[in-house]
Structure formats: C-alpha cells, structure tokens
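Asker: Sequence first, predicted coordinates after that:
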Amino acid sequence: MGSLKLENIRKSFGQVEVLKGIDLEVEDGEFVIFVGPSGCGKSTLLRVIAGLEDASAGSVSIDGDEVDTVPPAKRGIAMVFQSYALYPHLTVRDNMGLGLKQAGRPKDAIAERIATASRMLGLDDYLDRRPAELSGGQRQRVAIGRAVVRNPRLFLFDEPLSNLDAALRVNTRIEIAKLHRKLNATMIYVTHDQVEAMTLGDRIVILNEGRVEQIGSPMELYNNPQNMFVAGFIGSPRMNFIEAALLGQTGARTVGVRPEHITVDRSRGDLKGTVLHVEHLGADTIVYMDCEKAGFLTVRLFGEHKFVPDETLFASPDSARLYRFDDTGAAITPPAG
C-alpha cells in the first residue's frame with residue numbers, strides 16, 4: 001500500500017510563503033509527477049512529504065495515517081536524489097544494502113533483496129564495483145536500487161536525471177517506467193522537464209508560485225489546459241499566444257495555438273511574418289517567425305522544409321485547434337477539434 005493525501009499544505013520560510021495550500025490525493029500504485037518552473041515549490045513539497053521539512057500548516061497522510069509528527073525514517077518512504085549520494089568506499093552491493101544493515105535486517109534477507117533489485121535494474125555485473133568505477137547512469141541505477149531494496153510504501157524522486165546527459169536521461173527514464181510497472185509501486189517524481197512529466201506520469205501536478213494550477217493525465221493537460229500558464233508549460237515547443245482580434249476571434253482576449261497546428265505558405269495566409277531562424281531536425285522543421293503585431297511565432301512542420309532566415313512567409317493557424325482565453329488568462333472553451 002502507498003496512498004498519499006495532502007490537505008492544505010502550507011510552508012513558509014520566514015516571511016516568504018513557498019507552499020500556499022496544496023491539496024492532493026494519490027492512489028496506491030500511481031505515478032504522479034510534480035512539475036513547474038524553478039522556484040515553484042515542487043521540491044519543497046516533496047521534502048514535506050518525506051518529513052525532511054515540517055509543514056507550516058496542513059497534514060500529510062500515508063495509507064490513511066497522519067505522519068506529520070513521524071520522523072522520515074519511520075514513514076515507509078525511500079528517496080532518490082539528483083545527486084547519487086553513494087558512499088565512495090563501499091561496493092555497489094554494500095551501498096544498496098546499507099540501509100537494511102543499519103536497520104538490523106538478517107543477512108540472508110538483505111542478500112535476497114539486493115539480488116532482486118539488481119536483476120530488475122541490470123546491476124548484476126557491477127555489484128562488486130565501487131561508485132568511481134561506474135558511469136553516471138549506472139550510479140543513478142544504484143541509487144534507485146538502494147531505494148528498491150527497502151520495499152517502501154512511497155518512492156520519492158527529486159529530479160533524479162538532471163545530472164545525466166541526454167541519451168542517459170532517455171535510457172534511465174525508460175528504466176524508471178519499467179520499474180514502476182514491475183513493482184506497481186506508488187511514485188512521486190519531481191522534475192522541471194515537461195517532457196519527462198509527459199512521458200512518465202499517470203497524472204501530472206502543475207505547480208506555479210506555490211499553488212496547484214492543474215492536475216490531470218498528460219493528454220488531459222495537453223488537450224484541455226485550464227489557463228494560459230498550463231497551456232504554455234505543457235507542449236514542446238511551447239504554445240503560441242496571439243491577440244484574439246488579429247484572428248477575428250470574438251469573446252476572447254487571447255487565443256493559443258500549438259506550433260504543430262500552424263501551416264505556412266509563401267504567398268498567402270492569416271499572418272504575414274519574417275523568418276528569424278530555422279531548425280532542421282530531420283523528422284521536423286521548426287520555424288521561428290516575427291509576425292509583427294502577432295509577435296513571435298513558432299511553427300513546427302513535419303519533415304524537411306527549405307525555408308531560410310529573412311524569408312517572408314504567411315502563417316495560418318488551424319481554426320479548429322485554437323484555444324481561447326479571457327482577460328484573466330483562464331480558458332473559455334476547449335478547441336473545436
């Protein structure tokens with residue numbers, strides 16, 4: 001079991017309120033992502049769940065039990081940090097089993113749990129090595145393995161892939177997803193990377209300035225953002241925002257359109273612009289345009305397109321894929337498509 005309930009969690013450091021009333025329920029076995037810009041409070045919230053920070057107000061419950069006064073070691077959680085936090089003088093085997101050894105578990109039980117976690121994470125060939133003999137990705141797998149052997153009620157990940165290069169981030173992301181399916185464990189994962197959030201989470205909690213902006217599945221957030229912040233945060237490249245009147249939209253202040261929902265033409269279209277830069281990515285071409293009153297526009301086209309800087313193009317948003325927002329930035333209606 002590993003359900004989690006947060007009720008009106010608030011956290012202040014002196015006069016600065018970092019968390020401003022967070023409510024959340026996580027079901028047993030869910031993979032939930034906390035995502036948001038730097039300083040939004042996501043890591044602080046994770047530390048409150050872990051017991052590494054005391055909430056200024058509110059309560060944390062795990063499996064129905066309030067744990068606000070329970071020390072971290074007694075909450076049944078395991079954390080994986082951005083820094084691997086491995087002991088350099090210990091082997092992989094000893095790093096993974098140290099927590100169980102300190103807890104006084106029998107040697108045979110420790111060996112069995114290490115063997116199980118090692119098989120899951122592909123660490124069998126590295127058990128007798130020390131951290132200095134491992135790559136960054138291997139070290140992070142050891143850190144994850146150290147969490148797995150504890151058989152916790154909750155796994156907490158605090159930006160675990162930030163120190164890895166792009167290829168290793170993808171590989172380790174896959175390993176974490178596979179691990180979640182094998183263990184059917186409850187996992188809370190903090191990241192600033194919305195691609196990680198979209199590809200890993202059952203649900204995503206989008207935080208901004210200490211508040212929850214929206215909670216939902218990746219595609220719920222992508223297709224039906226509740227406001228401009230969520231619309232601009234989810235999706236890569238980010239959504240374009242255009243003054244509604246420029247596209248003949250009434251009853252809205254701003255319209256949003258994703259880069260992949262815009263077509264371009266050299267002779268006609270809704271918005272005239274000048275090409276600022278072109279990114280040739282092979283499968284896609286990203287075109288950045290200055291569309292005068294409409295402002296900076298990003299267009300994502302499938303395949304290779306031979307546009308060049310300073311070229312004049314006309315951009316046409318798909319009218320069925322427009323998002324409409326009011327004066328406060330709140331969504332008015334979902335797109336018609």
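Answerer: Sure thing, it's come through.
Asker: Next one: residue 169, what pLDDT does it get?
Answerer: The predicted local distance difference test score for residue 169 is 83.
Asker: Please name the spatially closest residue to it (chain neighbours excluded).
Answerer: Counting by CB to CB, 6 or more residues apart in numbering, residue 169 lies nearest to residue 161, which is 4.6 Å off, once chain neighbours are set aside. For glycine as for every other residue, the C-beta is placed from the backbone atoms N, C-alpha and C.
Asker: you'd agree that neighbour is up against residue 174?
Answerer: No. In this structure, residue 161 is not within contact of residue 174 by CB atoms under 8 Å, at 11.1 Å.
Asker: Tell me which of these two has more neighbours.
Answerer: When neighbours are counted by other CB atoms under 10 Å, residue 161 and residue 174 differ, and residue 161 comes out ahead with 25 against 12.
Asker: about what we covered before: give the contact list for the residue nearest to residue 169.
Answerer: In this structure, residue 161 makes contact with 140, 168, 169, 172, 173, 191, 193, 196, judged by CB atoms under 8 Å, 6 or more residues apart in numbering.
Asker: What distance do you get for the residue lying closest to residue 71 once chain neighbours are set aside to residue 6?
Answerer: Computed as CB to CB, 6+ apart, the closest residue to residue 71 that is not its neighbour in sequence is residue 51, at 6.1 Å. Shown here: residue 51 relative to residue 6, a distance of 13 Å by CB to CB, to the nearest Å.
Asker: before we move on, back to that, among the contacts of residue 161, which one has the lowest pLDDT?
Answerer: When the contacts of residue 161 are compared, residue 168 shows the smallest pLDDT, 78.
Asker: Number of residues surrounding the residue nearest to that residue when sequence neighbours are not counted?
Answerer: Among residues not flanking residue 168 along the chain, residue 137 sits closest, at 4.2 Å (CB to CB, 6+ apart). When counting by other CB under 10 Å, one arrives at 18 neighbours for residue 137.
Asker: related to what we said a few turns ago, Serialize the contacts of residue 161 to a markdown table and add fields for secondary structure and neighbour count.
Answerer: Written out in a markdown table, the entries for these read as follows (DSSP: H, G, I helix; E, B strand; the rest coil; neighbours: other CB atoms under 10 Å):
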| residue | secondary structure | neighbour count |
| --- | --- | --- |
| 140 | helix | 27 |
| 168 | helix | 16 |
| 169 | helix | 19 |
| 172 | helix | 19 |
| 173 | helix | 19 |
| 191 | strand | 23 |
| 193 | coil | 17 |
| 196 | helix | 23 |
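Asker: out of those residues, who's nearest residue 233?
Answerer: For the contacts of residue 161, the minimum distance to residue 233 (CB to CB) is 11.2 Å, reached by residue 193.
Asker: and that closest one, what is it in contact with?
Answerer: With contacts defined as CB under 8 Å, 6+ apart, residue 193 is in contact with 35, 161.
Asker: From residue 169, how far off is it?
Answerer: Residue 193 sits 8 Å away from residue 169, going by CB to CB.
Asker: and if you look at residue 139?
Answerer: The gap separating residue 139 from residue 169 is 14 Å, by CB to CB.
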